[in-house]
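[1] 3D, please:
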Amino acid sequence: MNLALLICLSDGMPKVRSELAAFSQNIAFDVQQLRELGLNIEENTAYYQLIPQLPLLNPHQISTALSPYRVHYYPIITSTNEWILQNIEHLQKGDLCLAEYQTAGRGRRGRQWLSPFAGQMILSFYWTFDPRKSIEGLSLVVGLAIAETFGVQVKWPNDILFNGRKLGGILVEMANVKNGRLNLVIGVGINVSLPEKTGINQPYAQLCEIAPNADRQILLPKLIQHLYTRLERFENSGIDEEFQRMWQKYNAFSHQVVNVITEQGSVSGIEQGIDERGYLQVQCGNELRTFNGGEVSLRKK
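    Residues are numbered from 1 along each chain as shown. A predicted model of the protein is given here:
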């Protein structure tokens, strides 16, 4: 991928060939490579133009809505989580990184997170906790906040679903900062409107199915504000009864027969929500078993 060429095109404005010559010795070849990644680049005899899936974000407007938190916006980035990790010593709790497109986005277990240009909400933010507090169940907190904001469902431990299809994902990473706090980078990716060809190899959902006129400019601040409210409550109260009850309300597999796939094998039972640690509870015959995150997968039977 010619990253310099992509960055040049990323404002969505027409670029004449002579303007792009400084970034590419073979424009036709480089543009074709970008198209094969799912980027919609139009051309005629005079210019090339990268067409965003949705209107580009207005970072100034989002910054105003989220003040005093600082918003760092990059149309093209390797990974928003990676950017936070690399710049964390200069950031304050709640500062964010937003992007239109990631060249090396990551999901759970190191999987690639595919993103069209300006078709998702892609964000990562810096958060800290008192190190004496347990953060077990943190990804459930992030998932519930997203589900409550958009009226969708959660699947333990950290998938966001709409009609059984994946709408978004969450990636929580620890950061090594010596400041007496527990330092975290929390990444979120939400599908808003995707092109027909995505490269995604599983059933996926989009917010535009729920709200055809979904406006990222309005939805992003709304989501982030609710995320921060939920995280602050989590630090004070943990996975308390109110949280367990609300999580169960949005639980896609509530009281359904499921398979829990672990390194030791597969276990079947009736899903019973979560306990005070955020562990999954499954009724297996006469035994109520619990499972934590790690290398566990959950499937509807």
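[2] domains for this structure, by residue range?
    The record's domain parsing of the chain by automatic domain parsing lists 3-50, 59-247, 253-300.
[3] so residue 283 sits in a helix?
    No. With DSSP: H, G, I helix; E, B strand; the rest coil as the criterion, residue 283 is assigned strand and is not in a helix.
[4] any chance of the domains of the chain in a markdown table, with mean neighbour count too?
    All C-beta atoms are positioned from the backbone trio N, CA, C, and that covers glycine. Shown next, in a markdown table, are these (neighbours: other CB atoms under 10 Å):
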| stretch | mean neighbour count |
| --- | --- |
| domain 3-50 | 15 |
| domain 59-247 | 18 |
| domain 253-300 | 15 |
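[5] and those as CSV, adding mean pLDDT?
    Shown next, in CSV, are the domains of the chain (pLDDT from 0 to 100):
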stretch, mean pLDDT
domain 3-50, 94
domain 59-247, 93
domain 253-300, 93
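[6] can you show me the strands along the stretch 1-150 of the chain?
    15-16, 41-43, 47-50, 71-77, 96-102, 120-129 (DSSP state E, counting those that start in this stretch).
[7] please tabulate those in CSV, including the columns distance to residue 158.
    Output for those, formatted as CSV (distance: least, CB to CB, whole Å):
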stretch, distance to residue 158
strand 15-16, 39
strand 41-43, 34
strand 47-50, 31
strand 71-77, 22
strand 96-102, 18
strand 120-129, 14
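[8] between those, which one is nearest to residue 58?
    strand 71-77 (8.9 Å; CB to CB).
[9] strand partners (parallel or antiparallel) of that closest one?
    Sheet pairing of strand 71-77 (DSSP bridges) gives strand 96-102 (parallel).
[10] next, the angle strand 120-129 makes with the strand it pairs with.
    Counting by axes from the mean of the first three to the mean of the last three CA atoms, to 10 degrees, strand 96-102 lies at 150 degrees to strand 120-129.
[11] quick one: contacts of strand 96-102?
    Residues from elsewhere that reach strand 96-102 (CB atoms under 8 Å, 6 or more residues apart in numbering): 6, 10, 39, 52, 56-57, 59, 62, 66, 69-80, 83-84, 113, 115-118, 122-126, 220, 224.
[12] quick revisit: wait, which of the strands of the stretch 1-150 of the chain is closest to residue 242?
    strand 120-129 (19.3 Å).
[13] counting by contacts, list what that closest one packs against.
    helix 80-87, strand 96-102, strand 182-191, helix 216-237 (3 or more CB pairs under 8 Å, 6 or more residues apart in numbering; DSSP states H and E).
[14] pull the residues that contact the helix or strand following the third one.
    Okay, so that is strand 182-191. For strand 182-191, the following helix or strand on the C-terminal side (DSSP states H and E) is helix 207-210. Contact with helix 207-210 is made by 150-152, 162-163, 167, 190-193, 214, 219, as judged by CB under 8 Å, 6+ apart.
[15] got the contact list for the nearest residue to residue 17 once chain neighbours are set aside?
    With sequence-adjacent residues excluded and distances taken as CB to CB, 6 or more residues apart in numbering, residue 17 is closest to residue 27, at 6.4 Å. Residue 27 is in contact with 5, 17, 20-21, 48, counting by CB under 8 Å, 6+ apart.
[16] just the closest of those residues to residue 258, please.
    Relative to residue 258, the closest of those is residue 5; by CB to CB it sits at 46.4 Å.
[17] excluding chain neighbours, what is closest to the closest one?
    Leaving out its chain neighbours, residue 5 is closest to residue 23 (CB to CB, 6+ apart), at 4.4 Å.
[18] alright, I will stop here.
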